[in-house]
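how would this look folded up:
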Amino acid sequence: MVIKVFLASSSGSTAIKKKQQDVVAFLEALKVDYTQLDIACNEANRMWMRQNVPEEKKPANGIPLPPQIFNEESYCGDYDTFFDAKEDNTVYAFLGLPPPPGSKQAHAEQEEQEEADDERPEGAYCFFSP
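The predicted model follows:
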């Protein structure tokens, strides 16, 4: 699975540039395999991104701004949802990737599984002998 990050290489907005840099730097720090797709210089990338962002996720004007993040063809989210996932330590789930062993997210998932196992009612196991 390859993460696709749609960026604008020649954005006039410093806010957009900072958001793009934040996403790329964080993915690199996590060693996540990703591809940058420029929407400023490539019309096909721009059209694909605009067509594949779900309608309910588009702004009022209907034109989503970069960065937009996809896992292959599956939409993950924009910068705001990425930022929320980063703050909640759920970036791997946001990206649709399994967390690497030893990561905070993998540890949290393991604890949840252990809690679920502990909540199994006593006597839930039945053994029959002939």
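
looking at this structure, which helix or strand is least sure?
None of the helices or strands of the chain scores lower by mean pLDDT, DSSP states H and E than helix 104-118, at a mean of 70.

List the buried residues of the helix or strand harbouring F82.
Per DSSP states H and E: F82 is located in helix 79-87. Residues Y79, F82, F83, A85 are the ones in helix 79-87 that count as buried (16 or more other CB atoms under 10 Å). (Each C-beta comes from the backbone N, C-alpha and C, glycine too.)

Tally up the residues packed near the nearest residue to N45 once chain neighbours are set aside, please.
Residue nearest to N45 in three dimensions, not counting chain neighbours: L37, with 4.6 Å by CB to CB, 6 or more residues apart in numbering. For L37, the neighbour count with other CB atoms under 10 Å is 18.

quick one: L37 from Q68, how far?
Distance of L37 to Q68, computed by CB to CB, to the nearest Å: 9 Å.

what's the overlap in contacts for those two?
Jointly contacting L37 and Q68 under the rule CB atoms under 8 Å, 6 or more residues apart in numbering are V5, F6, M49.

Nice, that's everything, thank you.
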